[in-house]
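Peer 1: after the sequence you'll find the predicted model.
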Amino acid sequence: MSTSFPRLIARVAVLAALVTTAASTFAQIPAGSSARAIPTEVEKTEVRVSQIITRAEDHFRKGKLNLDDNKREAARDEFDKAVDTILESGLNVRESQRLQTFYLELVERIYREEVPIGHGLPQVTTTALVAQNSQSPVSSQGQTQKPQPAPAQIGFREQKFEPSPLDELSKLVLTAKETEVSSADIDALEQAKNNVNFSFTTNPLIQGYINYYQGRGRSTMEAGLRHSGQFMTMARRIFKEEGVPVDITWLGQVESAWHPKALSVKAAAGLWQFVPATGRTYQLRQTAWIDERNSFEQATRASARYLRDLAKHFNGDWQLAMAAYNTGAGHVDRAIARAGTADFWTIYPYLFQETRNYVPNILAVILIAKNPEKYGFQGIRPEPPMAYDRVELPTATGLQLIADATDSSVDYLRAINPELRRDVTPRGDAYVVRVPSGKSKQLVSILKRVPGDKRDTARIIRIVPGEDLQSVANRTGVSVPQLQAFNNGVDLKSTTKLVVPFSGISLTSRRRAASGPDETPRASLTKIRARKGDTIAKIAAAHKLDAGDLARLNGLSADGELQVGQEIKLPASTAAPAPARHRRHH
């Protein structure tokens, strides 16, 4: 495709801006690189974006043809492939305005194709609705349709990510005071490393990063020591099973600060910051439904296996393995070739600045974590391990149904299933969903009442004990036979819950539609910091929330005293105004 002169001028202008940004972002340009190579890379990216858009458009076109032919499953598969083409491309959608715009428009177009106006609204008998709404439109079959809010959008919800600490790490420069290291400090490092369960060579830079965490990086270290408690038991078990020294689990603090939704500018995601390609190499599924780079167990095992493979490549040298985890084995191999020896501190000058920072930073974190009191981190209690049950689901099941069945919330389910890209589990694939502890049998019992092809849209409603099905049908717009089919054998005199097939409910929405008068707004999450004497129960009372729900959302007990400064998640849209002593932060 030819490029016009005006377009070329525009590209040059954009390129100039990108070059300026790149100069301020990277602390070092690798040896042998040239500014002349940058336009070529930008143009290559533009070509890739064009190819990706072309492939996505082809899948969308096929999906529309299948939809026109009433082949809805085939259409849905093609629509998913269209979105997959973008998400699995390896490009960061946020960094390409053209790709981001196309992606957002694509999701909207798919929604409009899958949910045309008026599609999927339930029909009920005239008798059931006339008394309720005499203005209901009458169909040609003598039936009326209950007016309902427009269906929510189908597609991806707006996923909220935490910034990756690696982005700041790449630019971190120790101050002169932080690099002041005495011979006594070196002796102390030599002694401290004996408590670590793998071998490494000490260096004054490690003490420099200890000094950093004792000073301006203190809050980062304190937060990491607390947050690590949610995942450390699991991580240590998996690393041990895979033959990786368990102390290297602290790599997770530097990678993500223990945030499963951490995302770097280089499109690395999750606790262990896998880029898309490496994630696929280690069997982390990335589809229109899930991104297992954001998972707990799967991503942790993939990280351990990747580190194990890197250590094997570098003859058991864990410092080189960690360096390669950050920059790739190829870059470390080239640095070794230039230095003439396979030793991290010898190849140090030939590595990218980010990798130079990375390894001593992790070693400093490990030493502090092994003995926090020694380094001035007193009284920091790790948060309790995340507690949940696991239930295998054979096909698409909506999170709203799961939340209703387990007395929890969609927000809580998102928090413990961060790999889900939609508010529904994968269609056609088995998926192990995490649910609140002790609720697995309750979920399985209710799901037995819901046909497999209805689990992505069904809901559970509360009824008054003894309320008859006709009454429920009148206020839900679902026919009595449908209610009977979903609640066969249920004793209406004793139950307070019924399963209701809501055909207009969305799987997920990229941008949530405004709530109708009968809908409860879905909450997003915000955070506060606990003060002295706080408990989950006290915070819940102050914000007019259920203490049990809030405890499950944070994986904590309701009555246990919280640490000062401990982050507590709240459902933002339902939380009452915070008392003055609780400061929100995002």
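Peer 2: Cool, got the structure.
Peer 1: helices or strands up against the longest helix along the chain?
Peer 2: Identified as the longest helix of the chain according to DSSP state H is helix 37-68. With contacts defined as 3 or more Cβ pairs under 8 Å, 6 or more residues apart in numbering; DSSP states H and E, the packing partners of helix 37-68 are helix 5-25, helix 72-87, helix 97-114. Every C-beta, even on glycine, is put in place using the N, C-alpha and C of the backbone.
Peer 1: how long is stretch 200-218 from one end to the other?
Peer 2: For stretch 200-218, the separation between the terminal residues is 24 Å (Cα to Cα, to the nearest Å).
Peer 1: what are the buried residues along the longest helix of the chain?
Peer 2: When burial is assessed from 16 or more other Cβ atoms under 10 Å, helix 37-68 yields the following buried residues: 45-46, 49, 52-53, 55-56, 59-60, 62-64, 66-67.
Peer 1: strands along the stretch 351-500 of the chain, start to end?
Peer 2: In chain order, the stretch 351-500 of the chain shows strands spanning 388-393, 431-436, 458-462, 497-501, with DSSP state E, counting those that start in this stretch as the criterion.
Peer 1: between those, which one is nearest to residue 101?
Peer 2: With distances scored as Cβ to Cβ, the stretch of these nearest to residue 101 is strand 431-436 (30.9 Å).
Peer 1: pLDDT weak spots in the stretch 1-150 of the chain?
Peer 2: Regions of the stretch 1-150 of the chain meeting the criterion pLDDT under 70 cover residues 1-42, 93-94, 108, 111-150.
Peer 1: one more time with 80
Peer 2: Residues of the stretch 1-150 of the chain meeting the criterion pLDDT under 80: 1-44, 72-73, 76, 80, 84, 87-97, 100-101, 104-105, 107-150.
Peer 1: strands along the stretch 101-250 of the chain, start to end?
Peer 2: Taking DSSP E, counting those that start in this stretch to define them, one finds strands in the stretch 101-250 of the chain at 123-124, 144-145, 162-163.
Peer 1: specify the beta-bridge partners of the residue nearest to residue 88 when sequence neighbours are not counted.
Peer 2: What sits nearest to residue 88 in space, not counting adjacent residues and going by Cβ to Cβ, 6 or more residues apart in numbering, is residue 286, at 5.3 Å. Assessed by DSSP bridges, residue 286 has beta-bridge partners residue 291.
Peer 1: got a pLDDT number for residue 286?
Peer 2: The model reports residue 286 with a pLDDT of 89.
Peer 1: residue 82 and residue 269: what is the separation?
Peer 2: Counting by Cβ to Cβ, to the nearest Å, the gap between residue 82 and residue 269 amounts to 21 Å.
Peer 1: please identify which of these two sits among more neighbours.
Peer 2: Residue environment comparison for residue 82 versus residue 269 gives the larger neighbour count to residue 269, 28 against 24, counting by other Cβ atoms under 10 Å.
Peer 1: mind listing what the residue nearest to the more buried one when sequence neighbours are not counted touches?
Peer 2: Beyond its immediate neighbours in the sequence, the residue positioned closest to residue 269 (Cβ to Cβ, 6+ apart) is residue 293, lying 4.3 Å away. Contact analysis of residue 293 by Cβ atoms under 8 Å, 6 or more residues apart in numbering lists 269-270, 272, 274, 276, 279, 284, 286, 299, 419.
Peer 1: okay, those residues in a markdown table with secondary structure next?
Peer 2: Written out in a markdown table, the entries for the contacts of residue 293 read as follows (DSSP: H, G, I helix; E, B strand; the rest coil):
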| residue | secondary structure |
| --- | --- |
| 269 | strand |
| 270 | coil |
| 272 | coil |
| 274 | strand |
| 276 | helix |
| 279 | helix |
| 284 | coil |
| 286 | strand |
| 299 | helix |
| 419 | coil |
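Peer 1: look at the closest residue to residue 249 other than its chain neighbours and say how many residues are nearby.
Peer 2: With Cβ to Cβ, 6+ apart as the criterion, residue 249 has its nearest non-adjacent residue at 4.2 Å, and that residue is residue 235. The number of residues packed around residue 235, counting by other Cβ under 10 Å, is 27.
Peer 1: cool, residue 234 as well?
Peer 2: 16.
Peer 1: isn't it up against residue 299?
Peer 2: No - between residue 234 and residue 299 there is no contact, the gap being 10.8 Å when judged by Cβ atoms under 8 Å.
Peer 1: what's the distance between the residue nearest to residue 277 when sequence neighbours are not counted and residue 494?
Peer 2: With Cβ to Cβ, 6+ apart as the criterion, residue 277 has its nearest non-adjacent residue at 5.6 Å, and that residue is residue 90. Computed as Cβ to Cβ, the residue 90 to residue 494 distance reads 55 Å.
Peer 1: measure the residue nearest to residue 417 when sequence neighbours are not counted to residue 296 for me?
Peer 2: Nearest residue to residue 417 in three dimensions, chain neighbours excluded: residue 434, at 5.4 Å (Cβ to Cβ, 6+ apart). Computed with Cβ to Cβ, the distance linking residue 434 and residue 296 is 8 Å.
Peer 1: just residue 569 next, same as before
Peer 2: 16 Å.
Peer 1: ok, the two, which is more surrounded?
Peer 2: Taking neighbours as other Cβ under 10 Å, residue 569 and residue 296 compare with residue 296 leading, 23 against 16.
Peer 1: right, and the more buried one touches residue 234 too?
Peer 2: Yes - in this structure, residue 296 sits in contact with residue 234. The criterion is Cβ under 8 Å, and the distance is 6.5 Å.
Peer 1: what touches both of these two?
Peer 2: Common contacts of residue 296 and residue 234, defined by Cβ under 8 Å, 6+ apart, comprise residue 386.
Peer 1: from residue 295, how far off is residue 231?
Peer 2: 11 Å.
Peer 1: check residue 433 too.
Peer 2: The span separating residue 433 from residue 295 equals 12 Å under the rule Cβ to Cβ.
Peer 1: and those two? Which one has more around it.
Peer 2: Set side by side, residue 433 and residue 295 show unequal neighbour counts under other Cβ under 10 Å, the larger going to residue 295 at 24 against 21.
Peer 1: residues contacting that one?
Peer 2: Taking Cβ under 8 Å, 6+ apart, we find residue 295 in contact with 260, 270, 284, 418-419.
Peer 1: go again using 10 Å as the cut-off
Peer 2: Taking Cβ atoms under 10 Å, 6 or more residues apart in numbering as the definition of contact, the neighbours of residue 295 are 260, 270-272, 284-285, 301-302, 417-420, 432, 434.
Peer 1: which one of these is nearest residue 457?
Peer 2: For those, the residue nearest residue 457 by Cβ to Cβ is residue 420; the value is 16.5 Å.
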